[in-house]
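Chemist: Predicted coordinates and the sequence they were generated for:
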Amino acid sequence: MRYLTTYVLAAGLILGLTLSGCASPTPVNPPPTTEAQADAASIPVDAFSLQKSTFSKSLKFPGELSPYETVDVYPKVEGFIQQVYVDRGSHVHQGQLLASLVAPELEAKIAEALSKVKEAEAADSEAQAKYLANKGVYDRLHEASKVQGVISENELANAKMAVQAAAAHVESLKGARMAALANVHSLQEIKGYLQIRSPIEGIITERDLHPGALVGPSGAGADQPIVKIQQISHLRLLVSIPERYYGGIKLGSHVPFTVSAYPARAFQGVISRPAYAVNEKNRTETVEIDVSNQDAALSPGMYAEVQWPVQRQGSTFMVPTSAVVFTTERTFVERIRDAKVEWVNVHKGFTDEDRIEIFGDLQPGDQLVLKGSDEYREGSKLSPHLVANQK
């Protein structure tokens, strides 16, 4: 009985399989396409809304300190150094006596000029006496000529001519005397140059000549100054600024800097004088920064590391560097409009860590792909997911 039951069940199962295989398939209608299924063809990407911001950062540039004023002191006349009153490191003020010279030849010239002055004065006195004598004769003759027949006209005329000649001689000798006096004055002024005085206030940074050395404005002894003076209470900091950062120079701005001699101390200067000319060799412009150095902590010749402020005059577009695509043919960002990609050519400006400044046919509010790729061809469909604004 048990075997019979098993047989019946197996036969029923075989019959059911046979009938289902012979039945014709029933057609099934596909479900309608939903909006989510239509968007499935778009590529999901992160995007951001473009906004303008003001670029500002600081860059490190090397600089060199130099004295505000420096003077190599040479003598104006030739002579021998008699004494030097200062030495290296001496603080001097304007007009202070630095050294004295002796010039025997100059003393002889002065003595000769003085003797010529005395000769001119004696000749002038003689001429003055002769003039007065001739004038006295003429005056008496002129008075006597008022009586008819006492003085002839010829005699009176000769007396008048003698007065005129004496007067002319006096004038000529007066000119000679003034010239002799001017020569003495000039030599005396030159003698004053034997006293070497400081033209500026500062510090003696070099002194290599000693008493007995021959010095002069030309010839022997003209190739070396007696001393060098530098003004260090006020210094110039020279910085070479690359051409691309020229537009950010603001006169009067305070600039911090450091020097290796004082690594823990911050110094400050004021941007004062740009060169207004770019060096053609390295495409930089030299800018002078005024530095107060009243405590003499800084020295000319020191190298400095300057924190140079770089900023735009107006606001620009700053975007993540990942948004800019660089190829051999073009540089562009990818803008999303109507869920489609547009390639917008741009050129770059300043960079700041992971951001870059761009310029192109862009407007605030444009949606840009956060991580650009040339795999997103123009016209490709994208499904943007907006992230926080990148400013």
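Modeler: Perfect, thanks for sending it.
Chemist: all strands of the stretch 251-391 of the chain, in order?
Modeler: Using DSSP state E, counting those that start in this stretch, the strands found in the stretch 251-391 of the chain span residues 254-259, 267-274, 284-292, 303-320, 325-326, 331-337, 340-352, 355-360, 367-369, 382-386.
Chemist: for the ones you listed, which one ends up most surrounded?
Modeler: strand 367-369 (a mean of 21; mean count of other CB atoms under 10 Å). The C-beta positions use only the backbone N, C-alpha and C, and glycine is treated the same way.
Chemist: Residue 174 - how many residues pack around it?
Modeler: By other CB atoms under 10 Å, 15 other residues sit near residue 174.
Chemist: Now for it: which residues touch it?
Modeler: Residues near residue 174 by CB atoms under 8 Å, 6 or more residues apart in numbering: residue 124.
Chemist: List phi and psi for it.
Modeler: Backbone geometry at residue 174, expressed as degrees, to the nearest 10, gives phi -60, psi -40.
Chemist: Then residue 138?
Modeler: Backbone geometry at residue 138, expressed as degrees, to the nearest 10, gives phi -60, psi -40.
Chemist: swap in the one 4 residues further on?
Modeler: With angles defined as degrees, to the nearest 10, residue 142 shows backbone torsions of phi -70, psi -40.
Chemist: list the contacts for it?
Modeler: By CB under 8 Å, 6+ apart, the residues touching residue 142 are 156, 159.
Chemist: Look at it and report its pLDDT.
Modeler: Note on residue 142: pLDDT of 75.
Chemist: my guess is residue 117 contacts residue 187, does it?
Modeler: No: if you go by CB atoms under 8 Å, residue 117 and residue 187 don't touch, sitting 11.0 Å apart.
Chemist: so where's the stretch 151-300 of the chain shaky on pLDDT?
Modeler: 219-221 (pLDDT under 70).
Chemist: let's go with 50 and repeat that
Modeler: Along the stretch 151-300 of the chain, no part satisfies pLDDT under 50.
Chemist: can you give me the helices for it?
Modeler: 153-192 (DSSP state H, counting those that start in this stretch).
Chemist: Surely residue 261 and residue 302 touch.
Modeler: Yes: here residue 261 reaches residue 302: they are 6.7 Å apart, a contact under CB under 8 Å.
Chemist: Tell me which of the strands of the stretch 251-391 of the chain lies nearest to residue 162.
Modeler: For residue 162, the closest of the strands of the stretch 251-391 of the chain is strand 267-274, at 71.7 Å, according to CB to CB.
Chemist: Partner strands of that closest one, with direction?
Modeler: Under the criterion DSSP bridges, strand 267-274 sits next to strand 254-259 (antiparallel), strand 284-292 (antiparallel) in its sheet.
Chemist: Save those as TSV, and put in distance to residue 364 too.
Modeler: Formatted as TSV, those follow (distance: least, CB to CB, whole Å):
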stretch	distance to residue 364
strand 254-259	32
strand 284-292	33
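Chemist: can you tell which of these is closest to residue 194?
Modeler: Taking the strands paired with strand 267-274 one by one with CB to CB, strand 284-292 is closest: 36.7 Å.
Chemist: Between strand 303-320 and the closest one, find me the angle.
Modeler: Per axes from the mean of the first three to the mean of the last three CA atoms, to 10 degrees, the angle that strand 284-292 makes with strand 303-320 is 120 degrees.
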